[in-house]
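J.: fold the following for me, if possible:
(one chain, ligands or ions: 1)
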Amino acid sequence: MKVECITPKNTSLLIQARQKVNPDEGKTQEEFAAEAEKYAIAGDRKAFVMLGNSGVIGYILVLAIGAVPEAIPDGKHFSSYAHISKIGVDQAFRRKGVGKILLVHAEAWAKARSMKGIWLDYLPETEGLAEFYSNAEYRKILDFEDAKKGKVKLRRIAAKGFKTE
Ligand SMILES: CC(C)(COP(=O)(O)OP(=O)(O)OC[C@H]1O[C@@H](n2cnc3c(N)ncnc32)[C@H](O)[C@@H]1OP(=O)(O)O)[C@@H](O)C(=O)NCCC(=O)NCCS
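T.: Just a heads-up that it's a prediction; the model follows:
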């Protein structure tokens with residue numbers, strides 16, 4: 001296994017990973033391509049992809065400028081935190097440490113930018129996410145009801161501050 005950082009030369013890896021892991025996200029090939037291009041070029045975000053023997057098996061997207069949801073009462077606190085917008089590992093390769101390795105890469109990127117930690121939000125009902133982040137020492141900040149496209153879903157915000165040496 002090998003982690004690749006997405007650059008303008010290998011955006012196809014991220015497109016493949018997104019299509020493979022999140023085919024039901026409702027995005028077109030063009031939208032995945034535009035997303036990959038942005039992560040490859042923009043200085044305020046980074047994407048990492050895990051390559052296995054037979055191709056891509058997971059990815060993570062991290063940003064230095066996540067818009068903190070209004071639901072967080074002390075949202076300003078997180079303005080110096082990076083934000084993980086998405087993570088996904090191919091079903092066939094889960095529980096083998098792939099997600100953890102990708103998360104460590106995203107955290108290292110944020111630390112190198114002197115960010116104070118990482119916050120993220122996710123649907124706690126999504127398989128594995130709550131346990132995965134809790135295992136990686138992300139603590140729940142709050143749950144809130146998020147109304148999108150007429151559906152109300154419970155979202156969880158969690159965060160981890162980096163230890164200072
Ligand atoms: C969450 C996810 C990224 C975890 O990836 P992964 O490669 O399987 O995770 P890891 O193997 O690195 O797991 C590390 C630890 O997290 C915990 N963990 C991960 N998945 C878990 C699960 N399904 N149940 C319980 N604990 C879990 C465990 O403690 C695990 O360590 P262990 O296997 O030694 O017990 C993966 O399950 C996934 O892609 N889920 C779908 C996410 C999704 O829908 N993303 C799109 C929107 S953001």
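J.: right, and the helix or strand after the helix or strand hosting A130?
T.: A130 belongs to helix 129-135 when assigned by DSSP states H and E. Once helix 129-135 ends, the next helix or strand along the chain (criterion: DSSP H and E) is strand 139-148.
J.: do that following strand and the ligand meet?
T.: No. Strand 139-148 is not in contact with the ligand by C-beta under 6 Å from any ligand atom; minimum separation 13.7 Å. In this view, the C-beta of every residue, glycine as well, is placed from N, C-alpha and C.
J.: in the helix or strand following that strand, what counts as buried?
T.: The helix or strand immediately downstream of strand 139-148 is strand 151-161, counting by DSSP H and E. Residues 155-160 are the ones in strand 151-161 that count as buried (16 or more other C-beta atoms under 10 Å).
J.: helices or strands next to strand 151-161 in the packing?
T.: Helices and strands touching strand 151-161, by 3 or more C-beta pairs under 8 Å, 6 or more residues apart in numbering; DSSP states H and E, are strand 117-122, helix 129-135, strand 139-148.
J.: in JSON lines: these, plus mean neighbour count.
T.: Shown next, in JSON lines, are the helices and strands packed on strand 151-161 (neighbours: other C-beta atoms under 10 Å):
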{"stretch": "strand 117-122", "mean neighbour count": "22"}
{"stretch": "helix 129-135", "mean neighbour count": "16"}
{"stretch": "strand 139-148", "mean neighbour count": "13"}
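J.: closest to V56 out of the ones you listed?
T.: Among those, helix 129-135 comes nearest to V56, with 18.9 Å by C-beta to C-beta.
J.: that older thread, the helix holding A130 near the ligand anywhere?
T.: Yes. Residues of helix 129-135 contacting the ligand under C-beta under 6 Å from any ligand atom: 129, 131-132, 135.
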